[in-house]
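> got a structure for you, letters missing:
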DNA sequence: ACATTGACATGACACAGTGGACTATGACGC
DNA sequence: GCGTCATAGTCCACTGTGTCATGTCAATGT
């Protein structure tokens, strides 16, 4: 039997860390911030996971840990092996998105809830999505990197879709009330 | 100090299981199938998690495990306590959606990839989203429950947004090629 | 009758990802 | 000097995902 070579695949968090480190050395805390800034709403890095992965990456020599700096901040730097591993990872086609949208679940159970409560839930989410859309629109044109800008453009299309859908839901809820009369 | 009462909060998988069990007794396998059918693309239940949660729910008497049936299938049934716990959970406003979209991450790292590869990634995803949109459109009008239908309507708005965005990305990629000339 | 195949069904496990609690450090205002 | 707050890292429990192993039953061919 051919024994499978180690392969040492990167998980997606590790891969994105290597990616962000191309911008220069950064600490775990900064990396979380960078990811949040750049595509926070469509790609999450959590602190715990980041620090764990950095430790693992360091042990694999894909990054090197610098000396602890000012605020006990420890910068990590990409190694050549790290660059190579990232390039390999990038060559794989990205997987499908995953979405978990509790509001949709709640709506699916809508028969168990009174309509005003549902309306309230939708309204609460609506303000959130309006805020996001507004913010995306505000920053999109200032992003120099066209591809990075297109990720924000995704956000714009997404939020517009969500808002249009919410309008529709409002109409549906009213229609149900009218029927129930 | 007021000691916090146990509260015994449900996680969202457990809650959705209780919700789906309102339709009648079902086994773990069936529950996964039901969830998949009803809102599969925007709410995931994985088998492992479902079986774990069913065991936990049973130990809390929120469901009762029936005798193992035909294909070693074990049906679970909602108890009154389960119904109550579900009602309590429903009264909490649903949290924000979370989305992890690897393609966006890849795009954010677009400077490290040649444009044709990117185009290929986008094209691959495109067929997937076209297929989904088509399917949602095909079934939406046949869903009797208006609220359930609105979850599919979400899918329609979402996929339309994604497709419009992909068109935009294609233009952006072409523009970058033209510049690079 | 009996083996083969394949859909159905459960479970075990390892790993990835999340969220909260906790500690410590240093900048800043007072 | 002292409190406060953002910064920064660590730990831990739990939730969620993906894969593998095992078993069940029906249909099919021989």
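Yep, it's here. Quick caveat: nothing in here was measured; it's all calculated off a predicted structure.
> Close to DNA strand D: what parts of chain A are there?
A:27-30, A:33, A:47-48, A:51, A:70-74, A:98, A:100 (C-beta under 7 Å from any atom of the strand). C-beta coordinates here come from the backbone N, C-alpha and C atoms, glycine included.
> Pull out the buried members of those residues.
A:27-28, A:30, A:51, A:74, A:100 (16 or more other C-beta atoms under 10 Å in any protein chain shown).
> Could you identify the most distant pair in those?
A:74 and A:100 (32.7 Å; C-beta to C-beta).
> that older thread, how about the buried ones among the residues of chain A next to DNA strand D in a markdown table, adding secondary structure?
Formatted as a markdown table, these follow (DSSP: H, G, I helix; E, B strand; the rest coil):
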| residue | secondary structure |
| --- | --- |
| A:27 | strand |
| A:28 | helix |
| A:30 | helix |
| A:51 | helix |
| A:74 | coil |
| A:100 | strand |
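> mind listing the helices for chain A?
Using DSSP state H, the helices of chain A run over residues A:12-21, A:28-39, A:47-59, A:80-90, A:102-108, A:115-140, A:146-180.
> Throw those into CSV and include mean pLDDT and distance to residue B:109, thanks.
As requested, these are arranged in CSV below (pLDDT from 0 to 100; distance: least, C-beta to C-beta, whole Å):
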stretch, mean pLDDT, distance to residue B:109
helix A:12-21, 97, 5
helix A:28-39, 94, 10
helix A:47-59, 96, 17
helix A:80-90, 96, 6
helix A:102-108, 97, 30
helix A:115-140, 95, 19
helix A:146-180, 95, 8
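> would you list the ones you listed in CSV and tack on distance to DNA strand C?
Listed next are these as CSV, based on distance: least, C-beta to the nearest atom of the strand, whole Å:
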stretch, distance to DNA strand C
helix A:12-21, 3
helix A:28-39, 10
helix A:47-59, 3
helix A:80-90, 12
helix A:102-108, 10
helix A:115-140, 15
helix A:146-180, 17
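> tell me the domain ranges of chain A?
Taking automatic domain parsing as the reference, chain A has its domains at A:12-91, A:102-179.
> how much space between the most centrally placed residue in chain A and residue A:90?
Centroid-nearest residue in chain A: residue A:43, 1.4 Å away (criterion: C-alpha atoms, centre = their mean). Per C-beta to C-beta, to the nearest Å, residue A:43 is found 15 Å from residue A:90.
> Residue A:47 too?
25 Å.
> Likewise for residue A:19?
According to C-beta to C-beta, residue A:19 and residue A:90 sit 8 Å apart.
> Report the set of residues contacting both of the two.
Shared contacts of residue A:19 and residue A:90 (C-beta atoms under 8 Å, 6 or more residues apart in numbering or on different chains): B:109, B:112.
> the more surrounded of these two?
residue A:19 (22 against 19; other C-beta atoms under 10 Å in any protein chain shown).
> Contacting chain B as well, which ones from the residues of chain A next to DNA strand D?
Restricting the residues of chain A next to DNA strand D to those near chain B by C-beta under 8 Å from any C-beta of the partner chain leaves A:98, A:100.
> which one of the residues of chain A next to DNA strand D sits closest to residue A:113?
residue A:100 (19.4 Å).
> Find me the pLDDT at the closest one, would you?
Note for residue A:100: predicted pLDDT of 96.
> which residue packs closest to it, ignoring adjacent ones?
Take residue A:100 and drop its neighbours on the chain: the residue closest to it by C-beta to C-beta, 6 or more residues apart in numbering or on different chains is residue B:98, 5.5 Å away.
> returning to what we had before: make CSV out of the helices of chain A and add distance to residue B:11.
CSV is the format used below for the helices of chain A (distance: least, C-beta to C-beta, whole Å):
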stretch, distance to residue B:11
helix A:12-21, 22
helix A:28-39, 24
helix A:47-59, 18
helix A:80-90, 31
helix A:102-108, 11
helix A:115-140, 19
helix A:146-180, 25
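> Relative to residue B:55, which of those helices is closest?
Of all those, helix A:102-108 sits nearest to residue B:55, with 21.6 Å by C-beta to C-beta.
> neighbouring contacts of that closest one?
By C-beta under 8 Å, 6+ apart, helix A:102-108 touches A:113, A:118, A:121-122, A:125, A:169, B:12, B:16, B:19, B:38-39, B:42-43, B:90, B:94-97, B:147-148, B:150-151, B:154.
> Restrict these to the buried ones and give me that as a PyMOL selection.
Buried members of the contacts of helix A:102-108, defined by 16+ other C-beta under 10 Å, are picked up in PyMOL with:
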select buried, (chain A and resi 113+118+121+122+125+169) or (chain B and resi 16+19+38+39+42+43+90+94+97+147+148+150+151+154)
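> Roughly how far does the residue nearest to residue A:100 sit from residue A:46?
For residue B:98 relative to residue A:46 (C-beta to C-beta), the value is 11 Å.
> just residue A:39 next, same as before
In terms of C-beta to C-beta, residue A:39 sits 14 Å off from residue A:46.
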